[in-house]
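> Would you be able to build a 3D model of this:
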Amino acid sequence: MSTSASIARPELAGSLRDSGGILLVSCYELGHQPLGIGASAAFLRRAGFDPASLDLSVEPFDAERAARARLVAISVPMHTALRLGLRAAQEVRAVNPRAHVCFHGLYAALNAGWLLEHGADSAIGGESEAPLVALAEALDAGRAPEVEGVSVLGRVLGPHLARLDFPAPARDLMPPLAKYARIERDGQRGLAGSVEASRGCRHLCLHCPIPPAYGGRFFAVPRETVLEDIRQLAALGATHITFADPDFLNAPTHSLRIVRAMHEAMPAVTFDFTAKIEHVIEHRAIFPELAGCGALFMVSAVESFSDVVLGHLEKGHTRADVFAALAVLRGAGIAMRPSLVAFTPWTTLEDYLEMLRVVEAEDLVDHLDSVQFTIRLLVPPGSLLLQRDAIRPHLGAFDPNAFGYPWTHPDPRMDALYEAVRARVAASTREGEDARLTFARLVALARAAAGLPEVPVREAGATPRRGVPRLTEPWFCCAEPSEDQFGPRPTAGRPAL
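Sure thing, here's the model as predicted:
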């Protein structure tokens, strides 16, 4: 990207309100229609702008749309999106060097200084929609983009944390649901949509990128706004809703009111959500009602079955709590889909083997996408982990290409195992290998790393995979991009999943 100036560019004046004068770009939002586009577009339209959009996870780069725009706003809500967003910015610059390029979202807050020093014109973190509108209005009037909540070169601000007046996202500006992840249940697939009932999180897990931006704060989206968005999605054919909140049970009363109203109006629509293990235990009494309102599964950041690792991450739950939460969910008939951080500096080879043993013993193999066994701890700029002495002996220097601090495990076998399981899962995914066979191969790799006797790998289909409800997009969140994600762009007309 070219270098940036923190003053308004004369050629921008009076042009942003034209159709397509603003281009909203998304690169990856976990297989869903991008709320980074939909929410921003709704705010901009309310202010009199007519933005265009481009979702590079399912659409090819459109040079004509990029060349027409005077403001290009790239949504970077997660690590993968940031890596891909930088490539998108380079493509924009190649066809439209005069455009004002703004990065907005969670990872814009964490990386604002670096982005501005390396060519971004502005960056917005936190509740970014109102500052984005203010930025557009300033540029449209020919003023400098130094407005509240907007970082520019020489003026790096913290995340914008103010309650917003939310309109429903502009779903008409995004590609159709058929291009995104499907809900898979009982051998059938249906269209799925994603909504937000809240933003931010009141918890401070050390490895999570949300606490550095939100500092323990969260904001509820008004119930009627959420329900209006769900009605939009149902009208587009969605039979399942993902509540994309970092934690759906930060405000359990608010969340219950939404799912009750949704179920009353649309009883056939199912849903999933994300919640902390400690919230499952704390609010165990509401889970039968959640199931009765259509909850199929819950994602939870289990991360590890080692109390040592959980303590270093300050997760707020213990190994025993995980099993207690599993019992609550099973009792309610809601499937748990755990997410894991399988590799950390404190995860021993014995811990990894124990993780695999627990997954098999608790009959969770069908509940996890194979990529979960490859997730390696990310330490991005601003991470609360950087404030802890325990991480420092393992860290290398900041790597701007990866937007994080690389680390080395004290046991070389663990770094070698990480490379082996990552390669195995990537190959298995490309080959469409049965998940249970992939799991058996990972067990074999871990046992070999530990010098344990070889166990024969069962052939695929020996134990048929059960139909656990799932979305067809693996749960990546803040994992590094896979080779497939960072590979060639989608081609025109190709469905994503």
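
> C-alpha from now on. contacts and neighbour counts both.
Fine.

> Could you tell me how far residue 428 is located from residue 434?
8 Å (C-alpha to C-alpha, to the nearest Å).

> er, residue 370 actually
10 Å.

> out of those two, which sits in the more crowded spot?
When residue 370 and residue 434 are compared for neighbours, residue 370 comes out ahead with 25 against 17, by other C-alpha atoms under 10 Å.

> And for residue 431, the neighbour number?
9.

> typo on my end, residue 188
10.

> cool, and residue 388?
12.

> just residue 401 next, same as before
Residue 401: 7 neighbours (other C-alpha under 10 Å).

> can you tell me which residues contact the closest residue to residue 26 other than its chain neighbours?
Excluding the flanking residues, the one nearest residue 26 by C-alpha to C-alpha, 6 or more residues apart in numbering is residue 55, at 4.7 Å. Residues near residue 55 by C-alpha atoms under 8 Å, 6 or more residues apart in numbering: 25, 26, 27, 28, 34, 174, 175.

> at 6 Å instead, please
Residues in contact with residue 55, defined by C-alpha atoms under 6 Å, 6 or more residues apart in numbering, are 25, 26, 27.

> wait, the last one sits on residue 57?
Read it as residue 27. Yes. The criterion here is C-alpha atoms under 6 Å, and residue 27 meets it with residue 57 at 5.1 Å.

> just to revisit the earlier point, distance-wise, check the residue nearest to residue 26 relative to residue 414.
Applying C-alpha to C-alpha to residue 55 and residue 414 gives a distance of 37 Å.

> Residue 322 too?
Taken as C-alpha to C-alpha, the span from residue 322 to residue 414 is 24 Å.

> same thing with residue 117?
36 Å.

> Let me see the backbone angles for the residue nearest to residue 150 when sequence neighbours are not counted.
Nearest residue to residue 150, sequence neighbours excluded (C-alpha to C-alpha, 6+ apart): residue 124, at 5.2 Å. Note on residue 124: its backbone torsions stand at phi -130, psi 130 [degrees, to the nearest 10].

> repeat for residue 184
Per degrees, to the nearest 10, the backbone of residue 184 is at phi -110, psi 120.

> ok, which stretches of the stretch 1-150 of the chain are strands?
All strands of the stretch 1-150 of the chain, identified by DSSP state E, counting those that start in this stretch, fall at 22-26, 52-55, 71-75, 100-104, 122-124.

> list the contacts for residue 320?
If a contact means C-alpha under 6 Å, 6+ apart, then residue 320 has no contacts.

> and it, how far is that from residue 305?
9 Å.

> Buried deepest among the strands of the stretch 1-150 of the chain, which one?
strand 122-124 (a mean of 32; mean count of other C-alpha atoms under 10 Å).

> What is it packed up against?
strand 100-104 (3 or more C-alpha pairs under 6 Å, 6 or more residues apart in numbering; DSSP states H and E).

> Check the offset of the strand it packs on from the chain's centre.
19 Å (C-alpha atoms, centre = their mean, to the nearest Å).

> What strands line up against that strand, and which way round?
Applying DSSP bridges, strand 100-104 is found paired with strand 71-75 (parallel), strand 122-124 (parallel).

> for the stretch 251-400 of the chain, what spans make up the helices?
Using DSSP state H, counting those that start in this stretch, the helices assigned to the stretch 251-400 of the chain run over residues 252-265, 277-282, 287-292, 307-313, 319-332, 349-361.

> Between those, which one is closest to residue 233.
Of all those, it is helix 252-265 that lies closest to residue 233, at 11.8 Å by C-alpha to C-alpha.

> What residues sit buried inside the closest one?
254, 255, 256, 258, 259, 260, 262, 263 (16 or more other C-alpha atoms under 10 Å).

> Just the CA atoms of that helix, as CSV, please.
The C-alpha atoms that make up helix 252-265 are tabulated as CSV, following Å, rounded to 0.1, in the frame of the first residue of the first chain:
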residue,chain,number,x,y,z
PRO,A,252,-29.2,-13.9,29.5
THR,A,253,-32.5,-12.2,30.1
HIS,A,254,-32.0,-10.1,26.9
SER,A,255,-31.1,-13.3,24.9
LEU,A,256,-34.0,-15.3,26.3
ARG,A,257,-36.5,-12.6,25.3
ILE,A,258,-35.2,-12.6,21.8
VAL,A,259,-35.3,-16.4,21.3
ARG,A,260,-38.8,-16.6,22.9
ALA,A,261,-40.1,-14.0,20.4
MET,A,262,-38.3,-15.6,17.5
HIS,A,263,-39.7,-19.0,18.4
GLU,A,264,-43.2,-17.7,18.8
ALA,A,265,-43.1,-15.9,15.4
